[in-house]
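Asker: Coordinates for the following, if possible.
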Amino acid sequence: MKRYVYINDDESLQELYCDNQISNRKYTVLNFLPKNLWEQFSRFMNQYFLLIACLQLWSLITPVNPASTWGPLIFIFAVSASKEAWDDYNRYLSDKKANEKEVWVVRQGIKKHVQAQDIHVGNIVWLRENDEVPCDLVLIGTSDPQGLCYVETAALDGETDLKTRVIPSACMGIDFELLHKIKGVIECPNPDKDIRRFDANLRLFPPFIDNDVCPLTIKNTILQSCYLRNTEWACGVAVYTGNETKLGMSRGIPEPKLTAMDAMIDKLTGAIFVFQIVVVMVLGIAGNVWKDTEARKQWYVLYPYEGPWYELLVIPLRFELLCSIMIPISIKEILSKNCYPLAWREEIVELEQNQWCKSDVSLDLVKSLYAKFIDWDNEMIDQETGIPSHAANTAISEDLGQVEYILTDKTGTLTENRMIFRRCCISGIFYGNESGDALKDVELLNAVAGSSPDVVRFLTVMAICNTVIPVKSKTGAILYKAQSQDEDALVNAAARLHVVYVNKNANILEIRFNGSVIQYEVLETLEFTSDRKRMSVVVKDCQNGKIILLSKGADEAILPYAYAGQQTRTFIEAVEQYAQLGLRTLCLAWRELKEDEYQEWSLMFKEASSTLVDREWRIAEVCQRLEHDFEILGVTAIEDRLQDGVPETIETLRKAGINFWMLTGDKQNTAIQIALSCNFISPEPKGQLLLIDGKTEDEVCRSLERVLLTMRITSSEPKDVAFVVDGWALEIALKHYRKAFTELAILSRTAICCRVTPSQKAQLVELLKSCDYRTLAIGDGGNDVRMIQQADIGVGISGREGLQAARAADYSIGKFRFLKRLILVHGRYSYNRTAFLSQYSFYKSLVICFIQIFFSFISGVSGTSLFNSVSLMAYNVFYTSVPVLVSVLDKDLSEGTIMQHPQILFYCQAGRLLNPSTFAGWFGRSLFHAIVVFVITIHAYAYEKSEMEELSMVALSGCIWLQAFVVALETNSFTILQHLAIWGNLVAFYVINWIFSAVPSSGMYTIMFRLCRQPSYWITMFLIVAAGMGPVLALKYFRYTYRPSKINTLQQAERMGGPILSLGNIEPQPRSVEKEVSPLSITQPKNRNPVYEPLLSDSPNTTRRSFGSGTPFDFFQSQSRLSSSYSRNCKDN
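Answerer: This next block holds a predicted model:
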């Protein structure tokens, strides 16, 4: 489908295309309430709780006041709706600000001042320096004589470097006074979201030009949300407006990311739901049996009229309402969506990311705090740039602690992306091999001074085969505006060797060499693509009229196309030698063209450039007709240094059991050398590289089978084995031998994938995810975005290639080394805290539910509630929520210990803290505590004079006391805030109930006053705590003393000042084999106190998980162990 835009003739188009009004709003005033409620109640859990609340309104079956359910439900929905309303209001304000901006447009040849929302397709829009572009424009004029302008695209793609845009060739030379009268038509595609592509044609009407077709590309456009920089003015034709701009079309909703912990919580919730249904059925039958056999004997029990549905419906539903608290409303799933990215936003930074957060009410708050901890971490601020780390997605912090595979880009991610020209090979002569710097090589300097033809041609290609724009500074120095670091390095290196690219005027380039100025006319530029892996420029030497093709690119894209008879062995050796040193290589070539050959090719190129269908493919096909029979000039070698801390970070994370895959576009040997430098793999004899290569299916199949056989044999050996694959072999393997390659991926801890495309990076992420591994992808450039978005966790580096990857990621960091802290500290803490919080949420609800069930058996299995509505509502909302929320401050180990022993991340990766086994422990604890509370309360207060409310308050008090001690027992590191939350909450319980007890109209009138004056009440609380916590404490003591985990041992050593530990490496195992932590080894410091030795040496290697991870009784435990140690020492002496 095509769109025809008639320049300066907007009246005929107003009915066809939308105006420029931007609307990112999700709601209106009229539809907010019904639409928001529809969205919330479209989810199953919300429907479930709504059904429970509605059933509570049926007075015949409800055991409590409906307010106990409706209150929390309305509160939660109100919070969610308020957040949506606030976000939507911010979107409205941003839209309003953008739509009401004043801009200059030309209509019917008249220049007018209008609001941005009134721009129509076909209008000519005038921009001044630093103006924001209000819609997508095709440039037709600028203040620059060469037809250039500079735009800042950071708000569009995150790249901070200025980009050059140029007016179409058809508009060159049109006077400024005539621009507002220009007439013509632009034939372009319908709106799309591809910000890197615009395949269109321009045809101007006479008298401006005689209807010739002029091809348009993305370089002839300036897109919405960009800023005009360093250009006095520019004007363009509006082609896409409003929400049909490329930015507007890209405002899609990304797929929500479900963490492994979320999936486990969903399964556990389902299990509890099934258990609830079974309990309801059993109690419903029991209730009907008791009614038929016993109730009729009780003459004082008045039953209402019984319909035929009473036994089958009323009693079971009553128990359903009574047991509905089994699934705490705080586990209700809420999908909260942040705002869309907004055009023209300046001050609303928080609304930049599209993100979906799946969380429960309590977890929603703590997960937000997890994200803030990352934002506030001063140790993750890049001191060089001042860029802090940032968590854009607040819902997946715990997944950081369960990462099993890290897939990383190389350039700019592991390296600094600061390209330095180091070596070169020209006509078979190597320069810079001895000094390591070709720019200081005496032989090369002498060759330049002697105007060696081969060297001059080589340096000329370096200087002008690019898209660099030279700009003169105020001091007269020449600065280069380059879109890639490689081109910048080559142009500056050529300048230092006296071949200086000094000026570009329209299509005329000027270079200065040894005092002489040489001019070239650029006839065509064949831009670099990831498929062609080279770029070329067709120029005409203005001195002698020769037409020359200049090319540079990867060795496989240049060397095979040398003219017949040229020896390329030396260049191949140079490429291999430089790659062995970890340098980035490019091959340079040129070819003289005959006039008729060029003219014939030019017609084909113009035709391919003008097509609107498959333009890129057709251009590549035409380019192939010209890019052959090269004269190879030489090879360049550019150094890209590793970032500080990269080898140490990778080594530490590999010790943590994390596997690494490096995905890069570099050649094989370069990638291998970088991998060795980064500690991806160990050198021989500890390490072994297996190569998967081949150009045909059979070759790749044989290679894959050989590597897979070797990997199977060595999988049980301690050898560090990795496989290497290039993009071509990878494409064949993924297409034809996916099952075998998947098996290889499972067996291998390390992979080096070179010459891969952005789509292949994403495919590898998807492959590992299909094997049920948790993946993290990290990169810094636009070519990493697909990989980052595909992974379970995406991390972007705020680097020299801009912020595109960082903005598309869940987390952004300034340097790769911060990944270690992000995973080991923030990821591990988040996992531990969420594991406790989610299981505790079920535990506290199950305790109350079990007490209600037990009470039913002494109340005629009638479904009567022991607790009043106010107490039930306060229990979940106030009494048991505040202490748990401060669990975000809990640390089972110090950060230093975690960094020193990264192997303990295994407990998070294996899900040891949240699984059916640990949940069963919490389930059993809730049942046990319910029995303790109920039995002691009944025996202490179930006498004739006790009131129902009195019995209820004693049971509730026992639950609150137990909750306080449970939270205290599970807390590893206490702070003042945690003490206030735990014990202060206990005090608040009594204060609140004293207030209610003072209200004569309440059903609790004087209850708490009377209870607090009774010694029996406090004795009952003591008995409940002692009976409830005694066995838990004893079991915990047994496990810490006789079956300690590695974490328990580290906790004891850390708190008692014991020896320094080394846990060794975790050897990866196939998925079918259970992974285990390797045995402890002890490094003894000087002047060690020998009495600490039994603390560790007696610890068995068996890894066990206790119900909790806190040790508030460490003193007693340590004294016991030290006493036994002392006794043994005395006996030995």
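Asker: separation between V278 and G284?
Answerer: To G284, V278 is 11 Å away according to CB to CB, to the nearest Å. Any C-beta I mention is one placed from the backbone N, CA and C, and that applies to glycine too.
Asker: So for the two, which sits in the more crowded spot?
Answerer: G284 (22 against 10; other CB atoms under 10 Å).
Asker: Roughly how far does that one sit from F49?
Answerer: Counting by CB to CB - G284 and F49 are separated by 21 Å.
Asker: now do D614
Answerer: Counting by CB to CB - D614 and F49 are separated by 53 Å.
Asker: which of the two has more neighbours?
Answerer: F49 (20 against 12).
Asker: Centre of the chain to stretch 454-470, how far?
Answerer: 40 Å (CA atoms, centre = their mean, to the nearest Å).
Asker: Pull that stretch out as PDB, backbone CA atoms only.
Answerer: Extracted in PDB, the C-alpha atoms of stretch 454-470 (Å, rounded to 0.1, in the frame of the first residue of the first chain):
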ATOM      1  CA  ASP A 454      50.200   2.100  -2.600                       C
ATOM      2  CA  VAL A 455      50.300   3.900   0.700                       C
ATOM      3  CA  VAL A 456      48.600   7.000  -0.600                       C
ATOM      4  CA  ARG A 457      45.800   4.900  -2.200                       C
ATOM      5  CA  PHE A 458      45.400   3.000   1.100                       C
ATOM      6  CA  LEU A 459      45.200   6.200   3.100                       C
ATOM      7  CA  THR A 460      42.800   7.800   0.600                       C
ATOM      8  CA  VAL A 461      40.300   4.900   1.100                       C
ATOM      9  CA  MET A 462      40.700   5.200   4.800                       C
ATOM     10  CA  ALA A 463      39.900   9.000   4.600                       C
ATOM     11  CA  ILE A 464      36.900   9.100   2.300                       C
ATOM     12  CA  CYS A 465      35.300   5.600   2.100                       C
ATOM     13  CA  ASN A 466      32.800   6.500   4.900                       C
ATOM     14  CA  THR A 467      29.900   8.600   5.900                       C
ATOM     15  CA  VAL A 468      32.000  11.000   8.000                       C
ATOM     16  CA  ILE A 469      31.300  14.700   7.900                       C
ATOM     17  CA  PRO A 470      34.200  17.100   8.600                       C
END
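Asker: Buried ones in it, by neighbour count?
Answerer: In terms of neighbour count (16 or more other CB atoms under 10 Å), stretch 454-470 has its buried residues at 455-470.
Asker: what do you get for stretch 235-242?
Answerer: With burial defined by 16+ other CB under 10 Å, the residues of stretch 235-242 counted as buried are 235-242.
Asker: and what of stretch 861-879?
Answerer: Residues of stretch 861-879 classed as buried under the neighbour-count rule (16+ other CB under 10 Å) are 861-877, 879.
Asker: Kindly reformat the buried residues of stretch 235-242 as JSON lines and extend each row with secondary structure and distance to F605.
Answerer: JSON lines is the format used below for these (DSSP: H, G, I helix; E, B strand; the rest coil; distance: CB to CB, whole Å):
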{"residue": "C235", "secondary structure": "strand", "distance to F605": "29"}
{"residue": "G236", "secondary structure": "strand", "distance to F605": "25"}
{"residue": "V237", "secondary structure": "strand", "distance to F605": "25"}
{"residue": "A238", "secondary structure": "strand", "distance to F605": "29"}
{"residue": "V239", "secondary structure": "strand", "distance to F605": "24"}
{"residue": "Y240", "secondary structure": "strand", "distance to F605": "27"}
{"residue": "T241", "secondary structure": "coil", "distance to F605": "32"}
{"residue": "G242", "secondary structure": "helix", "distance to F605": "35"}
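Asker: Please name whichever of the residues you listed scores lowest on pLDDT.
Answerer: In terms of pLDDT, the lowest of those is G242, showing 88.
Asker: hang on, it packs against I22?
Answerer: Yes. G242 lies in contact with I22 (CB atoms under 8 Å); the separation is 6.0 Å.
Asker: hey, what's in contact with both of those two?
Answerer: Shared contacts of G242 and I22, defined by CB atoms under 8 Å, 6 or more residues apart in numbering, comprise G248.
Asker: Report the contact partners of the residue lying closest to L400 once chain neighbours are set aside.
Answerer: With sequence-adjacent residues excluded and distances taken as CB to CB, 6 or more residues apart in numbering, L400 is closest to G827, at 2.7 Å. Listed by CB under 8 Å, 6+ apart, the contact partners of G827 are 397-403, 905, 908.
Asker: Would you check which pair of those lies furthest apart?
Answerer: S397 and L905 (14.4 Å; CB to CB).
Asker: before we move on, back to that, filter the buried residues of stretch 861-879 down to the ones in helices?
Answerer: Taking DSSP state H, the ones among those that sit in helices are 869-874.
Asker: ok, so what distance separates V765 from A392?
Answerer: From V765 to A392 the distance is 18 Å (CB to CB).
Asker: Compare those two and say which is more crowded by neighbours.
Answerer: The residue with more neighbours, out of V765 and A392, is V765; 26 against 21, by other CB under 10 Å.
Asker: which residue packs closest to the more buried one, ignoring adjacent ones?
Answerer: Q790 (4.4 Å).
Asker: and the one you found, how many residues sit next to it?
Answerer: Neighbours of Q790 (other CB under 10 Å): 20.
Asker: Next up, the contacts around it.
Answerer: Counted by CB under 8 Å, 6+ apart, Q790 has contacts 762, 765-766, 769, 777.
Asker: Apply 6 Å and report the result again.
Answerer: Applying CB atoms under 6 Å, 6 or more residues apart in numbering, we find Q790 in contact with 762, 765-766.
Asker: what's stretch 1003-1013 in contact with?
Answerer: With CB under 6 Å, 6+ apart as the criterion, stretch 1003-1013 contacts 949-950, 953, 993-994, 996-997, 1017.
Asker: Give the buried subset of those residues as a PyMOL selection command.
Answerer: A single PyMOL command selects the buried members of the contacts of stretch 1003-1013 (16+ other CB under 10 Å):
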select buried, resi 949+950+953+993+996+997+1017
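Asker: and the contacts of stretch 1003-1013, which of them are in strands?
Answerer: Among the contacts of stretch 1003-1013, DSSP state E puts none in strands.
Asker: how about TSV for the contacts of stretch 1003-1013, with pLDDT and distance to F32 added?
Answerer: As requested, these are exported to TSV (pLDDT from 0 to 100; distance: CB to CB, whole Å):
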residue	pLDDT	distance to F32
E949	84	42
E950	86	47
M953	91	42
N993	87	39
W994	90	41
F996	83	36
S997	84	42
Y1017	92	50
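Asker: for the contacts of stretch 1003-1013, which one is nearest L317?
Answerer: E949 (25.2 Å).
Asker: For the residue nearest to that closest one when sequence neighbours are not counted, give its distance to I632.
Answerer: If the residues on either side of it in the chain are set aside, E949 comes closest to I1007, at 5.3 Å by CB to CB, 6+ apart. Distance of I1007 to I632, given as CB to CB: 95 Å.
Asker: Which residue of these two possesses the greater neighbour count?
Answerer: I632 (24 against 20).
Asker: For the more buried one, name its beta-bridge partners.
Answerer: Per DSSP bridges, the residues bridged to I632 are A589.
Asker: hang on, it packs against P560?
Answerer: No. Using CB atoms under 6 Å, I632 makes no contact with P560, being 10.5 Å away.
Asker: Can you get me a residue count around D488?
Answerer: 18.
Asker: Keeping just the C-alphas, turn the helix or strand where Q963 lies into PDB.
Answerer: Using DSSP states H and E, Q963 falls within helix 948-970. Extracted in PDB, the C-alpha atoms of helix 948-970 (Å, rounded to 0.1, in the frame of the first residue of the first chain):
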ATOM      1  CA  MET A 948     -17.700 -15.400  72.000                       C
ATOM      2  CA  GLU A 949     -15.900 -12.000  71.400                       C
ATOM      3  CA  GLU A 950     -13.600 -12.800  74.300                       C
ATOM      4  CA  LEU A 951     -12.700 -16.200  73.000                       C
ATOM      5  CA  SER A 952     -12.200 -14.600  69.500                       C
ATOM      6  CA  MET A 953      -9.900 -11.900  70.900                       C
ATOM      7  CA  VAL A 954      -7.700 -14.400  72.800                       C
ATOM      8  CA  ALA A 955      -7.300 -16.500  69.700                       C
ATOM      9  CA  LEU A 956      -6.500 -13.400  67.600                       C
ATOM     10  CA  SER A 957      -4.000 -12.200  70.200                       C
ATOM     11  CA  GLY A 958      -2.300 -15.600  70.100                       C
ATOM     12  CA  CYS A 959      -2.000 -15.400  66.300                       C
ATOM     13  CA  ILE A 960      -0.500 -11.900  66.500                       C
ATOM     14  CA  TRP A 961       2.100 -12.900  69.100                       C
ATOM     15  CA  LEU A 962       3.000 -15.900  67.000                       C
ATOM     16  CA  GLN A 963       3.400 -13.800  63.900                       C
ATOM     17  CA  ALA A 964       5.700 -11.400  65.700                       C
ATOM     18  CA  PHE A 965       8.000 -14.200  66.800                       C
ATOM     19  CA  VAL A 966       7.900 -16.000  63.400                       C
ATOM     20  CA  VAL A 967       9.000 -12.800  61.600                       C
ATOM     21  CA  ALA A 968      11.700 -12.300  64.300                       C
ATOM     22  CA  LEU A 969      12.900 -15.800  63.900                       C
ATOM     23  CA  GLU A 970      13.100 -15.500  60.100                       C
END
